[in-house]
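1. Fold the following and give me the result.
(one chain, ligands or ions: 1)
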Amino acid sequence: MAGTGVHTELAKRRRAVLPDWVATYYDEPIEIERGEGRHVWDAEGNRYLDFFGGILTTMTEHALPAVTAAVSEQAGRILHSSTLYLNRPMIELGERVAELSGIEDPRVFFTSSGTEANDTALLLATGYRGSNQVLALRNSYHGRSFSALAITGNRAWSPTSLSPVQTAYVHGSRRRGTKLAELSDEAFIDACAEDLEDVLGQLHGNVACLIAEPIQGVGGFAVPPDGLFARFKEILDRYGILWISDEVQTGWGRTGEHFWGWQAHGGSGSPDLMTFAKGLGNGMSIGGVVASAEIMNSIEVSSLSTFGGSPVTTAGALANLDHLLAHDLQGNALRVGSVLRGELEKARERLPIVADVRGKGLMLGVELARPDTGAPDPAAATRVLEETRRGGLLIGKGGLDNNVLRIAPPLSLTEQEARDGGAVLVDALARAQE
Ligand code: PMP
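-> Got it, this is the predicted structure:
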């Protein structure tokens with residue numbers, strides 16, 4: 001079936017009707033027609049092992065029967081009633097998320113996307129603190145609304161500098177390519193804490209919040225040392241500044257060792273607000289914010305999201321979350337993630353193009369640089385993507401210089417699939433190096 005022209009024809013129609021700024025992967029983009037488990041099939045009949053899950057969104061597995069059943073049962077009863085009426089699956093999911101959140105006296109607000117979740121978190125934090133000053137991390141990505149773009153520290157994803165908030169960027173995650181790259185973890189944390197204090201000393205009056213991804217997603221799986229956010233929290237607490245953890249990519253056990261990304265940092269207590277999206281719905285559009293009742297209920301007028309927490313998405317999300325917990329997919333992410341990481345670390349020794357292998361659980365980044373100069377090598381990342389596609393493996397890429405391969409399969413990945421996909425990836429890296 002390969003090369004039947006189905007993709008070429010559809011790509012032509014896409015170019016004629018969709019915006020140029022919504023990019024596709026590959027010289028010849030593919031249409032993913034169906035999926036099962038950790039595999040997907042394209043419209044020309046090719047099968048792929050999926051190591052990207054539609055950007056970390058297929059969390060458990062493709063076509064999980066329990067999710068399909070929950071969605072179709074709910075769709076057969078009622079698709080929508082609105083927040084004006086009691087919505088049983090939304091309330092049940094809210095109870096589950098609240099219980100899992102680690103936040104005291106939690107309240108949950110559901111949205112349709114990660115962007116809206118972060119937008120809501122900013123609305124809450126700025127209103128609660130009476131300030132439009134926000135801290136974000138360099139190299140961050142938090143979504144594409146007018147407010148989420150204003151806290152995005154990555155030129156490739158920042159189409160405007162107009163902003164409803166005043167953002168100051170601090171160090172915290174991206175190390176390679178900066179002067180902080182040489183520092184030990186401990187010294188890096190010290191340097192970031194000093195930077196944060198320095199920035200706070202330069203800002204006018206009170207600051208509302210600091211928003212951060214525990215591991216930066218779009219930013220190329222840049223991982224801060226464990227403990228960084230606990231240190232930040234000590235400083236923020238002194239000023240009463242709220243900490244928002246954006247768990248859109250790191251939540252639900254993806255990092256293996258913890259259920260939430262922030263938990264790797266120890267210290268005293270949870271973030272003040274937490275946002276989530278992507279994986280919870282296994283592909284259905286869901287996002288949300290968790291905050292203490294005091295912060296959540298600080299909005300004194302009416303506010304709602306028509307589609308946030310719709311019965312169909314929340315019924316599917318509940319089934320998805322039940323499956324994740326019943327099968328300990330967090331534990332699987334830890335075990336199988338370390339197998340995959342081991343394969344990549346081993347290959348790194350004979351592949352000088354690989355400048356870094358990093359990440360946690362089933363969220364692994366492979367940074368590519370030119371062996372002669374150490375300069376970021378985005379062209380090599382593009383070559384690896386083409387080679388892995390030919391080898392029947394889907395992966396992603398990202399990073400400030402677009403030179404980081406992003407590997408984030410469904411959390412049910414088996415050890416055999418990790419080895420099979422790892423072999424295709426290592427082979428593609430070797431070809432890209434030639
Ligand atoms: N936060 C993070 C960390 C993300 O990775 C993304 C999406 N890539 C978002 C927020 C925005 O989510 P959405 O695309 O669902 O609006």
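2. from here on, contacts and neighbour counts on C-alpha atoms
-> Fine.
3. show me where pLDDT drops low in the chain?
-> Counting by pLDDT under 70, the ranges of the chain that qualify are 1-3.
4. what residues does it put near the ligand?
-> Within reach of the ligand by Cα under 6 Å from any ligand atom, the chain has these residues: 113-115, 141-143, 213, 217-218, 246, 248-249.
5. What distance do you get for His204 to Thr167?
-> 12 Å (Cα to Cα, to the nearest Å).
6. Same question for Glu386.
-> 37 Å.
7. ditto for Ile395
-> Distance of Ile395 to Thr167, given as Cα to Cα: 32 Å.
8. who has more neighbours, those two?
-> Between Ile395 and Thr167, counted using other Cα atoms under 10 Å, Ile395 has the larger neighbour count: 24 against 20.
9. For the more buried one, list the residues it contacts.
-> Ile395 makes contact with 50-52, 385, 388, 405-408, according to Cα atoms under 8 Å, 6 or more residues apart in numbering.
10. close enough to count as contact, Thr313 and Ala70?
-> No. Thr313 lies out of contact with Ala70 (Cα atoms under 8 Å); the separation is 9.3 Å.
11. Give me the sheet partners of the helix or strand where Gly359 lies and which way each runs.
-> Under the criterion of DSSP states H and E, Gly359 resides in strand 354-360. If you go by DSSP bridges, strand 354-360 pairs up with strand 363-368 (antiparallel).
12. Mind listing what's buried along the partner strand?
-> Neighbour-count burial for strand 363-368 flags 363-368 (criterion: 16 or more other Cα atoms under 10 Å).
13. So the protein: which segments form each domain?
-> Domain assignment for the chain, taken from automatic domain parsing, gives 6-60+328-433, 68-326.
14. quick one on the thing from earlier: of the buried residues of strand 363-368, just say which sits nearest to the ligand.
-> Nearest to the ligand among these: Met363, at 12.1 Å, using Cα to the nearest ligand atom.
15. Identify the spatial nearest neighbour of the closest one, chain neighbours not counted.
-> The shortest distance from Met363 to any non-neighbouring residue, by Cα to Cα, 6 or more residues apart in numbering, is to Ala408 (4.8 Å).
16. tell me how far the ends of stretch 202-213 are from each other?
-> Using Cα to Cα, the two ends of stretch 202-213 sit 24 Å apart.
17. who's in contact with that stretch?
-> So stretch 202-213 is contacted by 125-126, 128-137, 140, 239, 241-247, 250 (Cα under 8 Å, 6+ apart).
18. Please apply the same query to stretch 369-380.
-> Under the contact criterion Cα under 8 Å, 6+ apart, stretch 369-380 has outside partners 352-355, 368, 401-404, 432-433.
19. Note down every partner strand of the host helix or strand of Val40 and its orientation.
-> Secondary structure assignment for Val40, by DSSP H and E: strand 39-42. Using DSSP bridges, strand 39-42 pairs in its sheet with strand 32-36 (antiparallel), strand 47-50 (antiparallel).
20. chain center to that strand, what's the gap?
-> With Cα atoms, centre = their mean, to the nearest Å as the basis, strand 39-42 stands 22 Å off its chain's centre.
21. mind saving the C-alpha coords of that strand as CSV?
-> Below are the C-alpha coordinates for strand 39-42, written out as CSV (Å, rounded to 0.1, in the frame of the first residue of the first chain):
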residue,chain,number,x,y,z
HIS,A,39,0.6,1.0,17.4
VAL,A,40,-1.1,3.2,14.7
TRP,A,41,-1.7,2.7,11.0
ASP,A,42,-1.6,5.4,8.3
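22. So for Thr313 and Ala70, which sits in the more crowded spot?
-> Each of Thr313 and Ala70 has its neighbours counted (other Cα under 10 Å); Thr313 has more, 27 against 20.
23. mind checking how far the nearest residue to that one once chain neighbours are set aside is from Gly130?
-> With Cα to Cα, 6+ apart as the criterion, Thr313 has its nearest non-adjacent residue at 5.9 Å, and that residue is Met284. Using Cα to Cα, we find Met284 at a distance of 34 Å from Gly130.
24. The two - which one has more neighbours?
-> Shown here are Met284 and Gly130; by other Cα under 10 Å, Met284 has more neighbours (20 against 12).
25. so where do the helices sit in the stretch 151-300 of the chain?
-> For the stretch 151-300 of the chain, the helices defined by DSSP state H, counting those that start in this stretch cover 185-202, 228-239, 293-296.
26. a markdown table please, covering the ones you listed and showing mean neighbour count.
-> As requested, the helices of the stretch 151-300 of the chain are exported to a markdown table (neighbours: other Cα atoms under 10 Å):
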| stretch | mean neighbour count |
| --- | --- |
| helix 185-202 | 16 |
| helix 228-239 | 18 |
| helix 293-296 | 17 |
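27. re the thing from before, filter the contacts of stretch 202-213 down to the buried ones and hand me the ChimeraX line.
-> Here is the ChimeraX command that selects the buried residues among these (16+ other Cα under 10 Å):
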select :125,126,128,129,131,132,133,134,135,136,137,140,241,242,243,244,245,246,247,250
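28. Select from the contacts of stretch 202-213 every entry located in strands.
-> 133-137, 242-246 (DSSP state E).
29. And those residues, which is closest to the ligand?
-> For the ones in strands among the contacts of stretch 202-213, the nearest to the ligand is Asp246 (5.7 Å; Cα to the nearest ligand atom).
30. Could you report the separation of that closest one from Cys192?
-> Distance, Asp246 to Cys192, by Cα to Cα: 19 Å.
31. from the chain's centre, how far out does stretch 106-123 sit?
-> Mean-position distance between stretch 106-123 and its chain equals 15 Å (Cα atoms, centre = their mean).
32. So which bits of it are buried?
-> Buried residues in stretch 106-123 (16+ other Cα under 10 Å): 106-122.
33. now stretch 286-305
-> Within stretch 286-305, the residues that qualify as buried are 286-292, 295-296, counting by 16+ other Cα under 10 Å.
34. Next, the distance between the ends of it.
-> End-to-end distance for stretch 286-305: 11 Å, by Cα to Cα.
35. Identify the residues contacting that stretch?
-> Applying Cα under 8 Å, 6+ apart, the contact partners of stretch 286-305 are 83, 98, 101, 103-114, 116-118, 120-121, 124-125, 127-128, 272-278, 280, 308-309, 313-314.
36. Restricted to helices, list those residues.
-> Within the contacts of stretch 286-305, residues falling in helices by DSSP state H are 98, 101, 114, 116-118, 120-121, 124-125, 127-128, 313-314.
37. Relative to Trp260, which of the residues you listed is nearest.
-> Trp260 has its nearest neighbour among those in Ser101, at 8.2 Å by Cα to Cα.
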